[in-house]
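Sequence and computational prediction follow.
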Amino acid sequence: MSYEAPGGDADDQLIVGQVVSGQKDLFRMLVRRHERAVYGMGLGFFHNAEDASDFTQEVFLKAYRNLPRFEGRSRFSTWLYRIAYNTAVNGVTRNREYQSLAEEEQAGALINEGDSPERILLRKAARDAVLEALKELPDRYRICVDMFFFYQCSYQEIEEITGIPVNTIKSHVFRAKKLLREKLEGIDWN
């Protein structure tokens, strides 16, 4: 499950080049492609829609202003998420926690047409158990897990975004999976 809209890295690179060359109105295509992911990150850090919306606007404004500095050495999404991550970290007070993007997923995504009421309840219970287990992970693990599984970033991209070394990221993802596995043992997934 990726939070990046259709269109690939090559399309993003092309659009960036066109925007920098003067076709400024094309920037809205980049916004459409990536706003859900940036907004989701904002929800994870700020825990409410209004702050996440303000955060999203701020991130895209910063990206627009700095677009000429984008050199294309990484994917545009990686560059953008780095701006978003830094903006969020700088904007969050110390007493706030990071909330996993998984917690923002709608229960409806787990319901298939034709599911029996019992099946729906079992899936909801399993979803709730996973979300509860995710909440118990340390913030540093949740951020890495979110970027790896929900944003589908590579370890290298997570390092570029967060500044956390690759080996530490691998360790965090490994430990998070182990902790989740332990917390979720014994749950009936059928």
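On my side now, so go ahead.

So which bits of stretch 139-147 are buried?
140-147 (16 or more other CB atoms under 10 Å). The way it works is simple: take the backbone N, C-alpha and C, and place the C-beta from them, glycine included.

So for these, which is the shakiest by pLDDT?
The pLDDT minimum for the buried residues of stretch 139-147 sits at R140, where the score is 78.

OK, contacts around that one?
Neighbour list for R140: 164, 172 [criterion: CB atoms under 8 Å, 6 or more residues apart in numbering].

how does this protein divide into domains?
Following the assignment in automatic domain parsing, the chain carries domains at 1-96, 101-190.

least reliable of those domains going by mean pLDDT?
Looking at the domains of the chain, the lowest mean pLDDT belongs to domain 101-190 (a mean of 76).

Now do I161: how many residues are near it, please.
I161 has 25 neighbouring residues, counting by other CB atoms under 10 Å.

Double-check it against Y85; I have them as touching.
Yes: between I161 and Y85 there is a contact under CB atoms under 8 Å: 5.0 Å.

All the helices of the protein, residue numbers only.
Assigned by DSSP state H, the helices in the chain fall at 9-20, 27-46, 49-66, 76-91, 117-135, 139-145, 155-162, 166-184.

show me the contacts for the closest residue to K177 other than its chain neighbours.
Closest residue to K177 apart from its sequence neighbours, by CB to CB, 6 or more residues apart in numbering: V145 at 7.9 Å. For V145, the contacting residues are 100, 134, 137, 172-173, 176-177, by CB under 8 Å, 6+ apart.

and the residues you listed, which are buried?
By neighbour count, with 16+ other CB under 10 Å, these hold 100, 134, 137, 172-173, 176 as buried.

ok, and the closest non-adjacent residue to Y64?
Sequence neighbours aside, F27 is the residue nearest to Y64 in space, at 5.7 Å (criterion: CB to CB, 6+ apart).

This completes my enquiry, with thanks.
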